[in-house]
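Trainee: Here is the input, now give the coordinates:
(4 chains)
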Protein chains: 2
Amino acid sequence: MKTDERIVQAMAELLRVQGYAATGVKQLTEAAGAPTGSIYHHFKGGKREIATAALRSTGAAYIQLLPLLLDPYDDLAEGVEAAFAQAAEDLENTGWANMCPVGTVTGEIADAEPALREVAAEVFASWVEEGTRYLTGRGLSPDDARAATYALLSALEGAFILARGQRSREPLLAAGHATAAYVATLRKPAPLTP
Amino acid sequence: MKTDERIVQAMAELLRVQGYAATGVKQLTEAAGAPTGSIYHHFKGGKREIATAALRSTGAAYIQLLPLLLDPYDDLAEGVEAAFAQAAEDLENTGWANMCPVGTVTGEIADAEPALREVAAEVFASWVEEGTRYLTGRGLSPDDARAATYALLSALEGAFILARGQRSREPLLAAGHATAAYVATLRKPAPLTP
DNA sequence: GTCTATAAAGTGATAGAC
DNA sequence: GTCTATCACTTTATAGAC
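Mentor: The predicted structure is shown next:
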């Protein structure tokens, strides 16, 4: 992998585990296997610029999971619940570290780092757009699809925090069950006349 | 207010706005109006001990809002949706800063600060206990009440993050609507025979 | 493009006068 | 119990050899 890509990926991982403020450039050099000079050669904006690149990169990667996780399920609500269960398993298997870096960083620096907050807002907006498109394709009305996307993302990000704090799958499973129950109220039953 | 209380309250406010790692002791002295010596006189454990006290303090305060917000509504689902709308208004009125410090800090330091993570876990557990008790009193089965509490807390914490990042009420309103719809599926209709 | 050395500022924490 | 001065260390970022 190219040096600049290694740097961005290492930053994304560090952001996910410990957030922005606690991540030092020295730590980044060790994680990326690139010395300080390389860091600032590739990213003259330093730590902040690397973090923005990391958020954009992971933002683009994460949204691809949506169809991958939900497509296999004919019943949308069932798929939602399974996706949360999958997230819970992933979280536990990574020692309760595998959280979304965008959520972590947004909660931490929304006021102190306007540039990062704007990037996070962009990423969230792209997720909502993509999620709305997908759920509309699954039979929801555009308004319902957009609201359901926001509800799903909120439940997921929040349950990540609770699960990580308590080191328990229970918050993710409960949030998944609740979101599925909500989605089920939106799905209109198939017409009786085929 | 006593000096040690001012210190804890100032820390809670700073945690809420900018998290743990970004909050410096010097900044805390200015916010609390107490010099460095006073800080370490009252809290020999320094920054970390003050943060734990702040999390416990705000944790105890926040859970009291649950009955205050929901008691006025005979219909539980209606109350849940109104509570999220209230949270959205509060968040906007404070310049998108008024988030839960426990959620902020948990997402940020779950791995790097084990002591703080444990305190956060305690606070979450107390919230779940209290929420389960309350919702049971509102007619839900104990299992449903516990799951609904987790779902409500997750949706709230996650929607706070999205709303703060996007500076929009929409995530909180959508999450509130979804959580209300879910709660409505749990409430058994009143028996027809009185 | 990579690497080392270092600058300049800030960090958490402590000592000790008052 | 309050306050100031300061230590020891780390931080982000830069300079310049290779």
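
Trainee: which SSE is the closest residue to DNA strand C within chain A in?
Mentor: For chain A and DNA strand C, the shortest gap (Cβ to the nearest atom of the strand) falls at A:Gly37, measuring 1.7 Å. Where C-beta positions appear, they are placed from N, C-alpha and C, glycine not excepted. In this assignment (DSSP states H and E), A:Gly37 forms part of helix A:36-42.

Trainee: Just give me the neighbour total for A:Glu78.
Mentor: Counted with other Cβ atoms under 10 Å in any protein chain shown, residues neighbouring A:Glu78 total 15.

Trainee: For it, which non-adjacent residue is spatially closest?
Mentor: Spatially, and ignoring its direct neighbours in sequence, A:Glu78 is nearest to A:Ala180 (7.0 Å; Cβ to Cβ, 6 or more residues apart in numbering or on different chains).

Trainee: If you count contacts, what does the helix or strand harbouring the one you found end up packed against?
Mentor: Assigning secondary structure by DSSP H and E places A:Ala180 in helix A:170-186. Applying 3 or more Cβ pairs under 8 Å, 6 or more residues apart in numbering or on different chains; DSSP states H and E, one finds that helix A:170-186 contacts helix A:76-93, helix A:142-166, helix B:142-166, helix B:170-186.

Trainee: For the residue nearest to the spatial centre of chain A, which residues are in contact?
Mentor: Central residue of chain A (Cα atoms, centre = their mean): A:Cys100, 4.3 Å from the mean position. With contact taken as Cβ atoms under 8 Å, 6 or more residues apart in numbering or on different chains, A:Cys100 is in contact with A:16, A:58, A:62, A:156-157, A:160.

Trainee: same question, A:Ala174
Mentor: Per Cβ under 8 Å, 6+ apart, neighbours of A:Ala174: A:159, B:146-148, B:150-151, B:154.

Trainee: starting at the chain centroid, how far to the helix holding A:Ala180?
Mentor: Here helix A:170-186 is found 18 Å from its chain centre; the criterion is Cα atoms, centre = their mean, to the nearest Å.

Trainee: picking that back up, same list, the contacts of A:Cys100, but as a markdown table with neighbour count please.
Mentor: Putting the contacts of A:Cys100 into a markdown table (neighbours: other Cβ atoms under 10 Å in any protein chain shown) gives the following:
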| residue | neighbour count |
| --- | --- |
| A:Arg16 | 22 |
| A:Thr58 | 21 |
| A:Tyr62 | 16 |
| A:Leu156 | 22 |
| A:Glu157 | 30 |
| A:Phe160 | 29 |
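
Trainee: which among those residues gets closest to A:Val119?
Mentor: Taking Cβ to Cβ as the measure, A:Thr58 is the one of these closest to A:Val119, at 11.0 Å.

Trainee: And the residue of chain A found nearest chain B, how far from B:Ala22?
Mentor: Going by Cβ to the nearest Cβ, chain B is nearest to A:Gly158 of chain A, at 2.8 Å. Distance of A:Gly158 to B:Ala22, computed by Cβ to Cβ, to the nearest Å: 21 Å.
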